[in-house]
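Novice: Return a 3D structure for these sequence lines:
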Amino acid sequence: MTRPPGVELFEQGLLLFKPCYEEPTVGQIEALNLISFYCYSLNRRKTAYAYAGLALRLGTLLKISSPPTGEPIDYVEHEHNKRVWWTAICMDLMTCTELSLAPAYRFEDISLQLPDDSKLGAGSDEFNDALYLTSQCYILLLRPLLLMQLESLVRQQLPPTLDSELAAVNNECLRAAADNLRIQHALYKCHRIGKWD
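Specialist: The predicted model follows:
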């Protein structure tokens, strides 16, 4: 059986990676996000879920999940921290919905704004376009909501109410799904994503 490319290097990296739980750093959270993503790519969903959860917990300890208060803000560093946090949120959402588990955070529990390029100025060269990550965040935030709505339809119950911002994006997704046979077919196969029993 052939092993996927990079597995040996990945395993060596895991042996060398020693996160400090008492004094975590943003770099460690970034590493956990990368580990989680690689495990997800290898279809090791449970391992990816565990690393994504660890990244979220360490991010919470560092308080990168909250908007800064009081002290002067370095916008480049703040934007970097926001993107690390939202990446951890995305990894958690990707893995938990496929494992039929509840995400660690709901949209209404997150007080940190989505990534934004508008205040970066000269430091924007080191970042990818915020629109891509923001779109990915919305898609992944909608995933558990769509599954709950599908579950309520299957059970013939009222669907859950949504935050107005998410409701607008959700309605657009549902309109697109109604117009697209491929999406409807994918929704029909959703039993691979979530359980409704």
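
Novice: going forward, measure contacts and count neighbours with C-alpha atoms only.
Specialist: Noted.

Novice: I'd like to know how many residues surround Pro24.
Specialist: Each residue near Pro24 was counted by other Cα atoms under 10 Å, and the total is 15.

Novice: Give the full set of residues in contact with it.
Specialist: Contacts for Pro24 (Cα atoms under 8 Å, 6 or more residues apart in numbering) come out as Leu58, Leu61, Leu62.

Novice: in this structure, which helix or strand is least confident?
Specialist: Of all helical and strand segments in the chain, the minimum by mean pLDDT, DSSP states H and E falls on helix 181-188, at a mean of 58.

Novice: Averaged pLDDT, the one helix or strand Ala167 maps to. What do you get?
Specialist: Here Ala167, judged by DSSP states H and E, is contained in helix 164-179. Averaging pLDDT along helix 164-179 gives 66.

Novice: With stretch 18-34 instead?
Specialist: According to the model, stretch 18-34 has a mean pLDDT of 93.

Novice: Ends of it, what's the gap?
Specialist: When the termini of stretch 18-34 are compared using Cα to Cα, to the nearest Å, they are 14 Å apart.

Novice: got it, and stretch 35-50?
Specialist: Stretch 35-50 has an end-to-end distance of 10 Å (Cα to Cα).

Novice: i'd like the first residue to be 31 from this point on
Specialist: Done: numbering now begins at 31, and the last item shifts to stretch 65-80.

Novice: in that stretch, what counts as buried?
Specialist: Neighbour-count burial for stretch 65-80 flags Ile65, Ser66, Phe67, Tyr68, Cys69, Tyr70, Arg75, Lys76, Thr77, Ala78, Tyr79 (criterion: 16 or more other Cα atoms under 10 Å).

Novice: Over to stretch 149-164?
Specialist: Neighbour-count burial for stretch 149-164 flags Leu150, Ala160, Leu163, Thr164 (criterion: 16+ other Cα under 10 Å).

Novice: Ok, stretch 165-175 next?
Specialist: If you call a residue buried by 16+ other Cα under 10 Å, then stretch 165-175 has these buried ones: Cys167, Tyr168, Ile169, Leu170, Leu171, Leu172, Arg173, Pro174, Leu175.

Novice: chain center to it: distance?
Specialist: Between the mean C-alpha location of stretch 165-175 and the chain-wide mean there is a distance of 8 Å, by Cα atoms, centre = their mean, to the nearest Å.

Novice: The residue nearest to the spatial centre of the chain: what secondary structure?
Specialist: The C-alpha lying nearest the average C-alpha coordinate of the chain belongs to Cys120 (Cα atoms, centre = their mean; 0.6 Å). Assigned state for Cys120: helix (three-state reduction, DSSP: H, G, I helix; E, B strand; the rest coil).

Novice: Check Trp116 too.
Specialist: The three-state assignment at Trp116 reads helix, by three-state DSSP.

Novice: What is the burial count for it?
Specialist: Taking other Cα under 10 Å as the neighbour definition, Trp116 ends up with a count of 23.

Novice: What of the one 3 residues further on?
Specialist: Here the number of neighbours of Ile119 (other Cα under 10 Å) works out to 26.

Novice: For it, give its distance to Pro97.
Specialist: According to Cα to Cα, Ile119 stands 15 Å off from Pro97.
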